[in-house]
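Enquirer: Structure for this input, please:
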Amino acid sequence: MIGGNRSTIGSIRAMRAAGFEVVVAEKLPRQYALAEADIGLEIAPSDVCGLSDAIRSLGGVSGVIGINEAAMSSAAQLQQSFGLIGLPSDVIRRTGSKLAQRQCWAVDPDLSVPYKTVEMSADVPAAIAAVGGLPIIIKPDLSHGGSRGVSLVNAVEGIDVAVAFARDHALPGSQIIVERALPGPQFSAELLVKDAKTHVLAIGRKVKSAAPSRVDLAIAYPGVTDATTLAAIETMSSKATSLLGITRGPGHFEFVLTEDGPRPIELSARCGGSITPDLAAHVSGYHPMVEAARLACDLAVEDWPTPARRGAVLMFIGFPPCKVRKLHVPEHLAKNPNVIDFDYSLPIDGIIQPIRWTSQRTGYIGVVAEDGRTALTLAHELAATIRAETAHGEFCMPLMIDSDT
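Expert: The predicted model follows:
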């Protein structure tokens, strides 16, 4: 497993419980994941030579999986070098490029979303006209993910700031994309692909931060229960994975449910981030990371028939901008039997910034229940018990989402 952090502990434990010997490679200040693995390697996910040497020293491995786009790139190279099951590097590159995905999906009217690429702010007005007018999304083609550089623009006055934000977070050689903002609620789906057939395990409805940023504040499951809508999402997911060349393995798919049906935002050839796999395991009855490991090791897997639709919420913790010296968390929160995980980390300087990308969030709570309404209500109640103590000795509550969302 290339990459591992505090939020992957549940996945590592699940894989070990399923009978896997898990080797985790990561290099972080907080090496929680290595302590949970059978073997922990302090090797950066991008260090392909170091990872190759480690695999040889182990006498080989049965499979390789990655937890994010950078890790997936290394995984693809290692799979090819050691003759292991996996997707080709060109497929992984496509799934790491927002522009390449739009280009692949443009051939299908049900997946196509109007877009243009621009070089500078002066090019945006023409792009707006070409994609059908405001509102638009401005984002970098290539970035480190986590909503970095992504802005929702509702008026021309926001163009300069949005382009600058995209440029600041674009990787070298990245273009800037202007695309039509899709109207409707946003969702994410956890996918498993076997023999080029796509299966949808779990769907979560997202609560997003206010414009212009597009950061997840919460994800609630089951996001969709209507059979007709579920069938439409599965059809869209099958088309999207096929056009990108994803024939095997996990997928994390983000999309919008418009009046004309579901439309794609982006798709990664990996499990969802943070504790998403653990929540999806409760919701569906299948743990995506365990199933991804089985696929990577070329083991027999079932076709994941009739996944369940139980309730869960991934609620992210954030605070209004301020300087914090301490976070006060009730002892009972982490001990609650409905909480599968809880974690937080304050900035080193204690300064809470406005949330523009995911790592600016302070923490998360993962809550499970038999139904979605119960999970959301409980997550809301638990988050409301947390307090941040400011440098002036004042106490402030987390940013709260609407419990009726």
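
Enquirer: can you pull out the helices in the stretch 101-250 of the chain?
Expert: Secondary structure of the stretch 101-250 of the chain (DSSP state H, counting those that start in this stretch): helices at 124-131, 159-169, 227-244.

Enquirer: With distance to Met1 as new columns, can those be given to me in JSON lines?
Expert: Where you see a C-beta, it was placed from the backbone N, CA and C, and this is true even at glycine. JSON lines is the format used below for these (distance: least, C-beta to C-beta, whole Å):
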{"stretch": "helix 124-131", "distance to Met1": "39"}
{"stretch": "helix 159-169", "distance to Met1": "27"}
{"stretch": "helix 227-244", "distance to Met1": "22"}
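
Enquirer: closest one to Gly60 among these?
Expert: Between Gly60 and the helices of the stretch 101-250 of the chain, the tightest spacing by C-beta to C-beta is seen for helix 227-244, at 29.1 Å.

Enquirer: what distance separates that closest one from the centre of its chain?
Expert: For helix 227-244, the gap between its own C-alpha mean and the chain's C-alpha mean amounts to 18 Å (C-alpha atoms, centre = their mean, to the nearest Å).

Enquirer: Show me what it is in contact with.
Expert: With contacts defined as C-beta atoms under 8 Å, 6 or more residues apart in numbering, helix 227-244 is touched by 91, 94-95, 101, 104-105, 107-108, 110-111, 187, 189, 191, 193, 196-200, 203, 224, 247, 251, 253, 255, 257, 261-264, 267, 269.

Enquirer: Only the buried subset of the residues you listed, as a PyMOL command please.
Expert: In PyMOL, a selection of the buried entries from the contacts of helix 227-244 looks like this (16 or more other C-beta atoms under 10 Å):
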select buried, resi 91+94+95+101+104+105+111+187+189+191+193+198+199+200+203+224+247+251+253+255+257+262+263+264+267+269
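
Enquirer: what's the distance between stretch 156-171 and the middle of its chain?
Expert: Using C-alpha atoms, centre = their mean, the offset of stretch 156-171 from its chain centre is 22 Å.

Enquirer: what comes up buried for it?
Expert: The neighbour-count check on stretch 156-171 (16+ other C-beta under 10 Å) flags 158-159, 162-163, 165-166, 169-170 as buried.

Enquirer: Show me the shaky parts of the protein.
Expert: Scanning the chain for pLDDT under 70 picks out 402-405.

Enquirer: Note down every partner strand of the lengthiest strand in it and its orientation.
Expert: Taking DSSP state E as the criterion, the chain has its longest strand at strand 197-208. If you go by DSSP bridges, strand 197-208 pairs up with strand 186-194 (antiparallel), strand 216-221 (antiparallel).

Enquirer: Could you single out the nearest of the buried residues of stretch 156-171 to Pro125?
Expert: Scanning these for proximity to Pro125, where the rule is C-beta to C-beta, the winner is Ile159, at 7.8 Å.

Enquirer: And the closest one, how close does it get to Ala33?
Expert: Taking C-beta to C-beta, to the nearest Å as the measure, Ile159 falls 41 Å from Ala33.

Enquirer: Could you do Thr225 as well?
Expert: Distance of Thr225 to Ala33, given as C-beta to C-beta: 34 Å.

Enquirer: Between the two, which is the more surrounded one?
Expert: Shown here are Thr225 and Ala33; by other C-beta atoms under 10 Å, Ala33 has more neighbours (24 against 10).

Enquirer: Is that one in contact with Leu41, as I believe?
Expert: No - using C-beta atoms under 8 Å, Ala33 is not in contact with Leu41; the gap is 10.6 Å.

Enquirer: okay, and the common contacts of the two?
Expert: Counting by C-beta under 8 Å, 6+ apart, the residues touching both Ala33 and Leu41 are 24, 26.

Enquirer: tell me the domain boundaries of this protein?
Expert: Domain assignment for the chain by automatic domain parsing gives 6-84, 114-180, 186-309, 314-396.

Enquirer: Name the stretch among those domains that sits most buried.
Expert: Compared across these, domain 186-309 shows the largest average neighbour count, a mean of 20 (mean count of other C-beta atoms under 10 Å).

Enquirer: For the stretch 1-150 of the chain, which segments count as strands?
Expert: For the stretch 1-150 of the chain, the strands defined by DSSP state E, counting those that start in this stretch occupy 23-25, 39-41, 115-118, 136-140.

Enquirer: In TSV: the ones you listed, plus distance to Val313.
Expert: Listed next are these as TSV, based on distance: least, C-beta to C-beta, whole Å:
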stretch	distance to Val313
strand 23-25	27
strand 39-41	31
strand 115-118	32
strand 136-140	26
